[in-house]
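*Asks:* Sharing a model that was predicted from the sequence below.
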Amino acid sequence: MCIFAPVKTEIGQDIQTAASFLRNGALVGIPTETVYGLAANALNPDAVLQIFQVKGRPTFNPLIVHVHDAAQFSLYAEELPDVIKLLAQHFCPGPLTFVLPKKSVIPDLVTGGGNTVALRVPGHPLTLQLLKSLDFPLAAPSANPFGYISPVTALHVQEQLDGKVAYILDGGPSMIGVESTVVMMRGESLVVLRVGGVSIESLREVYPNVVVEINQSSNPKSPGQLKSHYAPRIPLKLGTISELLNRYSHQKIAVLSFRETFNHSAIIAQEVLSREGDDAEAARNLFAALRRLDQTNADIIIAEKLPEKGLGMAINDRLERAAADH
Ligand code: AMP
Ligand code: MG
């Protein structure tokens, strides 16, 4: 059970309120540029345990630890390879998470029992201020029930975790809209464990030796890599919209498209991610659009992938997992 479980969770912009709840071991919804996080004192196992309970998240899934400056990485990680320092200079604060050998101050519960810790500097002014006012880092996965669509507004968090978190800090809509890219060093290679808000192309501009190793097993090295994830309640099918419209024409269809709108008598709802065909705009719209479609009485959601470049890779990854059988 939560240490603090009010009936209705207040949404506000008061950093002091958020900080005092966190100091007392309670959970707070926090804004980040990727998605909203469900935060707890990363150094307090009792506080961290509540994250898993509230989300229904298996404890073998490690959490990302958030700090206000990359200079703090060395407080929680044993070694900082030069490549990591270089990437941190380019991408911190920002949607890039570094998996590093952990120091013992990080509880095993945070790392799923493993000897590595995932560290990130979130690029959101309110959360950076909050982190600066605390003398501990924040463990925070996305603030949604495990497996469901990630939240990108304070209201999304309230819709699903009302009464289960002490406070929700409202920083407006998340400006990136997909989770962080997760990386680790292996020898000279930078291994990408999860595609996300920093594109593979931008990583390669800074360090060319990038290997993408997206794990899809049911017991993965990286929890965002579970095959079914980010999933709406309504079944989602991925393919070519016109073909899917024909195949499911006897059902009520909700359409999630990249640029175009479609006309068909079976369509009852429709979301276009970016009329301009801009991958960053599409990422920003993805989870909110998926949520709106999931709140309709459609029988099926049909969606198409984006070109496999820029943030299109992260969007396609989320859509594939949303379409995977639960
Ligand atoms: P979430 O915060 O729920 O979006 O997911 C956390 C993400 O952090 C997962 O997808 C993992 O890729 C990553 N992660 C956290 N800790 C580790 C770790 N020690 N090793 C590998 N990946 C990690
Ligand atoms: Mg998540």
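*Replies:* On my side now, so go ahead. Numbers count the residues shown, from 1 in each chain. Ligands and ions are numbered 1, 2, ... in the order given.

*Asks:* quick one: residue 72 and residue 59, what's the gap?
*Replies:* 25 Å (Cβ to Cβ, to the nearest Å). Every C-beta, even on glycine, is put in place using the N, C-alpha and C of the backbone.

*Asks:* who's in contact with residue 316?
*Replies:* 305-306, 308 (Cβ atoms under 8 Å, 6 or more residues apart in numbering).

*Asks:* Neighbour-wise, which one of those leads?
*Replies:* Compared across these, residue 306 has the highest neighbour count, 22 neighbours, by other Cβ atoms under 10 Å.

*Asks:* Nearest residue to that residue in space, please, no chain neighbours.
*Replies:* residue 312 (3.6 Å; Cβ to Cβ, 6 or more residues apart in numbering).

*Asks:* so that neighbour sits right up against residue 279, yeah?
*Replies:* Yes. Assessed by Cβ atoms under 8 Å, residue 312 is found in contact with residue 279 at 4.7 Å.

*Asks:* Which residues are in contact with each of the two?
*Replies:* Listed as contacting both residue 312 and residue 279 by Cβ under 8 Å, 6+ apart are residue 306.

*Asks:* Spell out the secondary structure type for the residue nearest to residue 78 when sequence neighbours are not counted.
*Replies:* Nearest residue to residue 78, sequence neighbours excluded (Cβ to Cβ, 6+ apart): residue 101, at 4.1 Å. Following DSSP: H, G, I helix; E, B strand; the rest coil, residue 101 is assigned to strand.

*Asks:* okay, now residue 101: neighbour count?
*Replies:* If you count neighbours by other Cβ under 10 Å, residue 101 ends up with 13.

*Asks:* Specify the beta-bridge partners of it.
*Replies:* Note on residue 101: beta-bridge partners residue 116, judged by DSSP bridges.

*Asks:* wait, what's in contact with it?
*Replies:* Counting by Cβ under 8 Å, 6+ apart, residue 101 has contacts 77-79, 115-117.

*Asks:* so how far is residue 109 from it?
*Replies:* 17 Å.

*Asks:* Ok, residue 303 next?
*Replies:* For residue 303, the distance to residue 109 - Cβ to Cβ - is 35 Å.

*Asks:* Residue 293 now?
*Replies:* 35 Å.

*Asks:* go on, residue 80?
*Replies:* 23 Å.

*Asks:* sec struct for the spatially closest residue to residue 94 that is not a sequence neighbour, please.
*Replies:* In this structure, residue 94 finds its nearest non-sequential neighbour in residue 123, 4.7 Å apart by Cβ to Cβ, 6+ apart. Three-state assignment for residue 123 (three-state DSSP): coil.

*Asks:* any weak-confidence spans in the stretch 201-326 of the chain?
*Replies:* 215-226, 326 (pLDDT under 70).
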